[in-house]
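> Test case, fold it:
(one chain, ligands or ions: 1)
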Amino acid sequence: MVDKPTVGFIGVGNMGWPMAACLAKAGFPVLINDQRREVANNFVQQHGGTAPDTLKQLAAGSDIVVTMLPTSVIVEHVLGGGDDNVFAGMKPGTIVIEMSSGVPSVTQRLAEQVAALGGHMIDGPVSGGVPRAKTGELAIMVGGDAAIIDRAMPVLSAMGTSVLKTGAVGSGQAMKALNNLVSTGGFLIGIEALLIGQRFGLDPAVMTDVLNAATGMNNSTQKKFRQFVLSRGFNAGFTMGLLAKDLSIALQVGRETGTAAPLSALVKEMIVSAEAMFGSAADHTEMAKWVEKLVGEELKAH
Ligand code: NAD
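As a prediction, the model looks like this:
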């Protein structure tokens, strides 16, 4: 039997921790790094593996390196920019899987640097949030060389049940940002419709049920309106700041490809305004409150 590859996992935050835990549970030897050293140590105590002192040591001991970090700027720093970095220790043949929701053009540039060092880089951002990260049931959008993706498949399959190849490196991250753009547009138009309906005399809860039985249904009408907006809970667990970042990436891809996207720009501006009003740490479902402020009344389910 061939030994499982050693996975160096960088960034064990809300998403990275449960994802790395899935790898450890599946029997992959793991080397863990996080800027918050105590969090890396806690992970090792709870799930096994090792937390090397440096990124250089982590890279030297890994066959596959996974990054699950907030932004591409940080990924760039960790891979090659900082004093201690992955490139300083990376063995030829290493596969780097960039799983953050990052900027495709930055990832493409990093992939060239990885290739120049004899390694391979693919991107595999995820959808499904913390609950599906915990159960290893994420949707993973993977961009890069198909043969390299196949080699990384056992690692990806330990974290996700739906692993979809999207094309060249960076395409997974473009897809991820565009998915969140569509999802946000569906949320905002739905909230506007509920407010118009409420003024007309309709009950927003009944409206949500009708939309879900009719062609106006989308992920927000099904999984967010009753659960997080009409309940006034606003606790879906994904922040406004990260959503605003994703929409900025979607618009950046639009600009880089010379694609006119006026509606997308409006959706992004609405989220940036909501972020300014409620703060980056607010739950993304609070964008409903921003639309309510524009209209001048709150949604009330009867
Ligand atoms: P997080 O802030 O909870 O975790 C990020 C981790 O990276 C933290 O533990 C932090 O200490 C660590 N870190 C930061 N800088 C570092 C550095 N220089 N070196 C080493 N470690 C460093 O973020 P998250 O919610 O886990 O999100 C990670 C990525 O996944 C983001 O790109 C996000 O957009 C994306 N994402 C998040 C969700 C979600 O529901 N939270 C869902 C899908 C995708």
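
> I'd like to know the phi and psi angles of the residue in the stretch 1-150 of the chain that the ligand sits nearest to, please.
In the stretch 1-150 of the chain, the residue that lies nearest the ligand is Gly13 (1.8 Å; CB to the nearest ligand atom). C-betas here are computed from N, CA, C, even on glycine. Here is the backbone geometry of Gly13 (degrees, to the nearest 10): phi -90, psi -150.

> now swap in Lys91 and tell me
Dihedral angles (degrees, to the nearest 10) for Lys91: phi -80, psi 150.

> which non-adjacent residue is nearest it?
Leaving aside its chain neighbours, Lys91 sits nearest to Ala60 (6.7 Å; criterion: CB to CB, 6 or more residues apart in numbering).

> Might you report the residue contacts of Phe234?
By CB atoms under 8 Å, 6 or more residues apart in numbering, the contact list for Phe234 reads Phe228, Ala282, Asp283, Thr285, Glu286, Ala288, Lys289.

> typo on my end, Ala193
Ala193 neighbours (CB under 8 Å, 6+ apart): Met207, Leu211, Gly216.

> so where does Val163 fall, helix or strand?
Val163 belongs to strand 160-167 when assigned by DSSP states H and E.

> for that strand, packing partners?
Strand 160-167 is packed against strand 138-143, helix 146-157, helix 171-200, with contacts defined by 3 or more CB pairs under 8 Å, 6 or more residues apart in numbering; DSSP states H and E.

> Any idea how far the longest one is from the middle of the chain?
What it means is helix 171-200. Helix 171-200 has its C-alpha centroid displaced from the chain centroid by 17 Å (CA atoms, centre = their mean, to the nearest Å).

> what angle separates that helix from strand 138-143?
130 degrees (axes from the mean of the first three to the mean of the last three CA atoms, to 10 degrees).

> oh, and call the first residue 43 from now on, that's how I've got it
Yep, numbering from 43; the last one is helix 213-242 now.

> now the strands for the protein?
49-52, 72-75, 106-109, 137-140, 162-165, 168-169, 180-185, 202-209 (DSSP state E).

> Is it possible to get JSON lines of the ones you listed that adds distance to Met195?
Output for these, formatted as JSON lines (distance: least, CB to CB, whole Å):
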{"stretch": "strand 49-52", "distance to Met195": "13"}
{"stretch": "strand 72-75", "distance to Met195": "17"}
{"stretch": "strand 106-109", "distance to Met195": "11"}
{"stretch": "strand 137-140", "distance to Met195": "11"}
{"stretch": "strand 162-165", "distance to Met195": "11"}
{"stretch": "strand 168-169", "distance to Met195": "15"}
{"stretch": "strand 180-185", "distance to Met195": "9"}
{"stretch": "strand 202-209", "distance to Met195": "7"}
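
> Please convert these to CSV, extending it with mean pLDDT and distance to the ligand.
Listed next are the strands of the chain as CSV, based on pLDDT from 0 to 100; distance: least, CB to the nearest ligand atom, whole Å:
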stretch, mean pLDDT, distance to the ligand
strand 49-52, 98, 6
strand 72-75, 98, 6
strand 106-109, 98, 9
strand 137-140, 98, 10
strand 162-165, 98, 11
strand 168-169, 95, 5
strand 180-185, 98, 8
strand 202-209, 97, 11
